[in-house]
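Asker: Pasted the sequence and its predicted model underneath.
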Amino acid sequence: MLEHGLTAPAAPRRAVVIGAAGFVGGTIEARLRRDGVATLPLGRRDIDLLAPDAADRLRGLLRPEDSVVFVSARAPAKNVAMLMENLRMAEAVCAALADRAIAHLLYVSSDAIYADDANPVTETSHAAPSTIHGMMHAAREMMLRNATQAPVAMLRPTLIYGTGDPHGGYGPNRFRREAEAGGPIRIFGEGEERRDHVAVEDVAALASLILRHRSRGALNAVTGVATSFHDIAQELGRLYGVAVESQKRPGPRPHLLHRHFDIAACHKAFPRFRFTPLRDGLRRLRDAAGSSQRG
């Protein structure tokens, strides 16, 4: 649950976005600039968080009035080596924060921290990750909470989609690429798994609201609507005019077949905020891809 530090929201003096060269971080940084917030975007070329001098370099850039947004990660973390790299990156950020006072810290985490049997999921659901990726985010959350005296907020998105996604994970991002290549869109089995999908622009909008309220606590970036991969593929197939085909699963059916979220906490924190309906978001994916090809 979020607690707002500012009853009257105000733009932070400056937002330092660590991971601004990435898909999610770049979208957040662009949203903050659009909202009139001065930003300091930091990508790997500015600070390599795995370098020995990373903490010192970051420490030298931070000011007491800064709001820090930490997004940078090697994701999804699939093995122990990636887990340890991500923890070392967080260690550098924590070392810098331990020696520099800041105004606010926002960490972009993941709903993967929650136990698989938490249905519906809320911000108070038990954190018991069953994947290395979820373990990484849960550990980072604990590290960051203990690294600073500033208010700390955790934004926990579910599956994110958007035109700039570099991963092409199973779902809207991969299906769009297959459709743009002329199809077919391929789903595993019947595509019966139901998941919540959130537009990257909505994640950025929530990040901006959290910074303006100087909130602390946790908030899930989820729409509250779970949709099957079959229905997502069919909608994109209709938009692009391509076929959808079923293919044999590469392994057993996922043990976590469906995941549902209760978004009452988001409504309470930001009553006027509305998530992008998935159908509208998929149409925006198609339109943005068409614009870039024409450009």
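Answerer: Yep, it's here. Numbering: from 1, shown residues only.
Asker: my guess is residue 107 is in a strand, correct?
Answerer: Yes: Residue 107 forms part of a strand when assessed by DSSP: H, G, I helix; E, B strand; the rest coil.
Asker: contacting residues for it?
Answerer: Contact analysis of residue 107 by CB atoms under 8 Å, 6 or more residues apart in numbering lists 70, 140-141, 144, 152-155. Any C-beta I mention is one placed from the backbone N, CA and C, and that applies to glycine too.
Asker: which one among the residues you listed gets closest to residue 205?
Answerer: In terms of CB to CB, no member of the contacts of residue 107 lies closer to residue 205 than residue 155, at 10.9 Å.
Asker: Isn't the closest one up against residue 211?
Answerer: No: shown here, residue 155 and residue 211 do not form a contact pair, counting by CB atoms under 8 Å, at 10.2 Å.
Asker: Need the residues touching each of the two.
Answerer: Common neighbours of residue 155 and residue 211 (criterion: CB under 8 Å, 6+ apart): residue 106.
Asker: By neighbour count, which of the contacts of residue 107 wins?
Answerer: For the contacts of residue 107, counting by other CB atoms under 10 Å, the largest number of neighbours falls to residue 153: 27 neighbours.
Asker: which SSE is that one in?
Answerer: Under the criterion DSSP states H and E, the helix or strand holding residue 153 is strand 152-157.
Asker: Would you give the sheet partners of that strand, along with the direction of each?
Answerer: With DSSP bridges as the test, strand 152-157 is paired with strand 104-108 (parallel), strand 215-221 (parallel).
Asker: now those as JSON lines including mean pLDDT and distance to residue 233?
Answerer: JSON lines is the format used below for the strands paired with strand 152-157 (pLDDT from 0 to 100; distance: least, CB to CB, whole Å):
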{"stretch": "strand 104-108", "mean pLDDT": "98", "distance to residue 233": "27"}
{"stretch": "strand 215-221", "mean pLDDT": "98", "distance to residue 233": "23"}
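Asker: Need the winner for burial among the ones you listed.
Answerer: Of these, the one with the most neighbours on average (mean count of other CB atoms under 10 Å) is strand 104-108, at a mean of 26.
Asker: How far off centre is that strand?
Answerer: Taking CA atoms, centre = their mean, to the nearest Å, one finds strand 104-108 lying 12 Å from the centre of the chain it belongs to.
Asker: Can I get it as CSV, trimmed to CA atoms?
Answerer: Listed next in CSV are the C-alpha coordinates belonging to strand 104-108 (Å, rounded to 0.1, in the frame of the first residue of the first chain):
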residue,chain,number,x,y,z
HIS,A,104,12.8,10.2,-2.5
LEU,A,105,13.5,6.8,-4.0
LEU,A,106,11.4,4.8,-6.4
TYR,A,107,12.3,1.3,-7.4
VAL,A,108,10.7,-0.4,-10.4
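Asker: Next SSE downstream of that strand?
Answerer: Past strand 104-108, further along toward the C-terminus, the next helix or strand under DSSP H and E is helix 132-145.
Asker: helices or strands up against that following helix?
Answerer: Identification of packing neighbours for helix 132-145 by 3 or more CB pairs under 8 Å, 6 or more residues apart in numbering; DSSP states H and E yields helix 80-99, strand 104-108, strand 152-157.
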